[in-house]
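**Student:** Predicted model and sequence below, questions to follow.
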Amino acid sequence: MLYISCSDNNPSAPALGQGDQITNTLDKKPAPNLIGTMDLTFDLTAVVPDDPVWIGTITFDGYGTYGIRFFHTGGEVRGQANHFEEIFEIYDQTDPTIVYLSGPDAGVVALANKPPEDTKFMANGEVEFATGDFEGWMGRKTHMSGVVTWQVLNTPNGVVEVPSTVPDGTFRIN
C-alpha cells in the first residue's frame, strides 16, 4: 500500500472507515440514459454540407422540446445499404443559434425494402459539445434509430425516390 500526503493533519479530509467511499456530487453523471423522440423532415433544398439535410424536433422527458438538425458529411451506397456520416445539433427552437448538444454520428439505412416503402435506419455517435442543462452528457455515446418514409418525385431526369420523414425516431444518449 502506498500513501502520499502533504500533511499528517488535514482538517478537510473526512475520517474514513474500512469500506467507506468519498463521493463528490459535482462529479456525478446524469442518469444512465437520456431518451428523446425525434420527428424529422428531409430538406430537399439543402445545399450540402452548408445546410442541414434533416430538420425537426426532439422531445426529452424532463427536459422539453428542442430543435434538431443533421448536416450530411459523407457516405455511400453499398449493396442494399446506404451508409452515411453526419453532424447532429440539438438547439433552442426560439433561437437556432443556441446549440445545447452536438457531435458526429455514422449509420446505415437498410434499402432492402426498396423505397418508396419505409426503411429502417440506425446510427451511433458521440456528444462532442454539451452546455446548459445538458453539460453532464459531454463525451457520452449516442444511438439513433427509426423508420425513414419516402416520397416519389417526378424530375426532368425521371422519377426518383427520396427521403421524406422520420416520424417517432429514437435518440438515446448513454
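**Tutor:** Perfect, thanks for sending it. From a predicted model like this one, the values you see are computed outputs, not experimental measurements.
**Student:** tell me the strands in the chain, going along the chain?
**Tutor:** Secondary structure of the chain, counting by DSSP state E: strands at 34-42, 54-60, 64-78, 81-91, 99-110, 119-126, 129-130, 141-155, 158-173.
**Student:** Between those strands, which one is closest to Val48.
**Tutor:** Ranking those by proximity to Val48 (C-beta to C-beta) places strand 64-78 first, at 4.9 Å. Backbone N, C-alpha and C define where each C-beta goes, glycine included.
**Student:** the inter-axis angle of the closest one versus strand 81-91?
**Tutor:** 160 degrees (axes from the mean of the first three to the mean of the last three C-alpha atoms, to 10 degrees).
**Student:** So that it lines up with my notes, have the first residue be 567 from now on.
**Tutor:** From this message on, residue numbering opens at 567, which makes the last subject strand 630-644.
**Student:** Could you give me the buried positions within strand 630-644?
**Tutor:** Residues Tyr632, Gly633, Ile634, Arg635, Phe636, Phe637, His638 are the ones in strand 630-644 that count as buried (16 or more other C-beta atoms under 10 Å).
**Student:** Which residue comes closest to the residue nearest the centre of the chain once chain neighbours are left out?
**Tutor:** With distances taken as C-alpha atoms, centre = their mean, Thr708 lies nearest the centre of the chain, 5.1 Å away. The shortest distance from Thr708 to any non-neighbouring residue, by C-beta to C-beta, 6 or more residues apart in numbering, is to Gly691 (4.4 Å).
**Student:** Please consider this matter closed, and thank you.
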